[in-house]
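S.K.: my questions are about this predicted structure, shown below with the sequence.
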Amino acid sequence: MDHFQVKNGVLHAEDVALPAIAEAVGTPVYVYSEATLRRHARVFREALSILPKTHFAFAVKSNPNLAVLRVLKEEGFGADVVSIGEARRALAAGIPGADIVFSGVGKTDEEMAEALESGIGQFNLESEEEGVELARIAHEKGLTATAALRVNPDVDAGTHDKISTGKADNKFGVPYFSAKDIFARLSALPGMNLRGLAVHIGSQITNLDPSRAAFAKMGVLLADLRAAGHTITHLDLGGGLGVPYRVGEQLPGPDDYAAMVAEVTKDWDVTVMFEPGRVITGNSGVLVSKVVRVKRGANNPFVVVDAAMNDLARPAMYDAWHDCVAVRPSGETMTANVVGPICESSDTFARNREMDAVTTGDLVAFRTAGAYGATMANTYNSRPLVPEVLVSGDRYAVVANRIEPATILAAEQVPDWLK
Ligand SMILES: Cc1ncc(COP(=O)(O)O)c(C=O)c1O
Ligand SMILES: N[C@@H](CCCC[NH3+])C(=O)O
């Protein structure tokens, strides 16, 4: 069930017509559907309910908006965070510290100390060095850090190179071949309760074979560690399940993923943890933008919109595809380049794209923008920080304000010697 549908000739988010939001809030603006967020959360959890023991930690990085986190908390999700900033957001949304997993290769001493004091449920250690430091900080505070060791299985996830995380030359986790020794050394440290293993090989994964291979390697390591006398109660399989970015794209869904996981993990006897991001939020959001003008080009016309690569970075960063549809489709089509106003050629959302015909002043929506959209926005070219709106049935609310350049300017100052 798609909650973004054309009704009476106008694209809606649930029961709210997108032009109404564009008029009230301005453009560009991200619009999320609460019903879609809840549905995705439930479908994912229900698919994995075939496993005996599970824990779900929503990958906050994919969409850290406070209201989004609150919805997912209500759906029974904890949080997977990669900075103390994300941890504070999860806590502010009401997610208990115990349900938070702290991943990330560069946790600072200050971040680890604050996370320990907030009762973070599990630190996913990315290196032996980090584990030693965490144990020391915990011990000094008279606390115990509960942790899992993130292992780099050296498996190619088959996704875009920039979002692959499980190959030996990626910065994440400890090398597979040294994991057993590192686990033994870290688990002996005072202040450290090393209870599990973690793996995450990449994002927008559209073929389950690499994940199956990586998880199977974790099963071998789990058996080895148990044979050596270690107690392992948790295995974190990360996130990464891909979503369709184009209409009609057929990908493995949560049920296929769950069947694969159930098969690989059947003898593990652990709590299996998941950190889904994009599969929950990706198709829960659109970016609504206004056509500033349509400009003739040497070949196809340029549709210049008021959103730019600072608002939605994925096309510029990963050549990612986002469908671009007219909010009031006429039935006519055109072949065009869709570009933003920023002074970079990479500020291009679509090249030579067959799309709905649009003209100056029309609204367009970039679809599948709920994950890694607003969260990656910035203020390049002194543009505002893009606002976010949450729709629920026939209601909507601004859940993040537009931050104007004036606010950012007010945080800058000229030093005395230049006055
Ligand atoms: C450690 C970790 N967990 C979870 C995720 C969420 O990934 P996705 O949004 O692809 O589900 C990521 C991002 O790839 C990650 O790095
Ligand atoms: N930012 C990436 C995903 C990164 C995943 C982070 N571990 C994207 O937009 O596809």
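M.R.: Okay, I see it. Ligands and ions are numbered 1, 2, ... in the order given.
S.K.: need phi/psi at Val25.
M.R.: Here the main-chain torsion angles of Val25 (degrees, to the nearest 10) amount to phi -110, psi -20.
S.K.: contacts only, for it.
M.R.: Going by Cβ atoms under 8 Å, 6 or more residues apart in numbering, Val25 touches 387, 389, 398, 402. Heads up, the C-betas are built off the backbone N, CA and C, glycines and all.
S.K.: and those residues, which are buried?
M.R.: Neighbour-count burial (16 or more other Cβ atoms under 10 Å) applied to these gives 387, 389, 402.
S.K.: check which helix or strand the second one maps to.
M.R.: When elements are defined using DSSP states H and E, Val389 is found to belong to strand 388-392.
S.K.: and that strand, what's buried?
M.R.: If you call a residue buried by 16+ other Cβ under 10 Å, then strand 388-392 has these buried ones: 388-392.
S.K.: so who does the closest residue to ligand 2 within the chain touch?
M.R.: Minimum separation of the chain from ligand 2 (Cβ to the nearest ligand atom) falls at Tyr372, amounting to 3.1 Å. Neighbour list for Tyr372: 61-63, 277-278, 313-314 [criterion: Cβ under 8 Å, 6+ apart].
S.K.: for it, what are phi and psi?
M.R.: phi 60, psi 40.
S.K.: residues from this protein in reach of ligand 2?
M.R.: Neighbours of ligand 2 within the chain, by Cβ under 6 Å from any ligand atom: 61, 163, 203-204, 314, 318, 372.
S.K.: which of those residues sit farthest apart?
M.R.: Maximum pairwise distance in the residues of the chain next to ligand 2, criterion Cβ to Cβ, is 15.0 Å, between Lys61 and Tyr318.
S.K.: which one's more surrounded, the two?
M.R.: Set Lys61 next to Tyr318 and count neighbours by other Cβ atoms under 10 Å: Lys61 wins out with 22 against 16.
S.K.: that one contacts Val82, doesn't it?
M.R.: Yes - the pair Lys61 and Val82 qualifies as a contact (Cβ atoms under 8 Å) at a distance of 5.8 Å.
S.K.: please identify the buried residues of the longest strand that the chain contains?
M.R.: Ranked by residue count and defined by DSSP state E, the top strand of the chain is strand 285-295. Using 16+ other Cβ under 10 Å as the test for burial, strand 285-295 gives 285-292, 294.
S.K.: report the contact partners of Ser382.
M.R.: Ser382 neighbours (Cβ under 8 Å, 6+ apart): 405, 408.
S.K.: again with Val10
M.R.: Going by Cβ under 8 Å, 6+ apart, Val10 touches 17-19, 327-328.
S.K.: ditto for Val399
M.R.: Going by Cβ under 8 Å, 6+ apart, Val399 touches 32, 65-68, 388-390.
S.K.: hmm, try it at 7 Å
M.R.: 65-67, 388-390 (Cβ atoms under 7 Å, 6 or more residues apart in numbering).
S.K.: so which residues on this structure come close to ligand 1?
M.R.: 59, 62, 80, 103, 165, 200, 203, 238-241, 275-279, 371.
S.K.: contacting residues around the closest residue to Trp321 other than its chain neighbours?
M.R.: Closest residue to Trp321 apart from its sequence neighbours, by Cβ to Cβ, 6 or more residues apart in numbering: Tyr245 at 5.0 Å. Residues near Tyr245 by Cβ under 7 Å, 6+ apart: 321-322, 368.
S.K.: hang on, Tyr245 in a strand?
M.R.: No - judged by DSSP: H, G, I helix; E, B strand; the rest coil, Tyr245 forms no part of a strand; its state is coil.
S.K.: need the pLDDT of it.
M.R.: Note on Tyr245: pLDDT of 97.
S.K.: no further questions, thank you.
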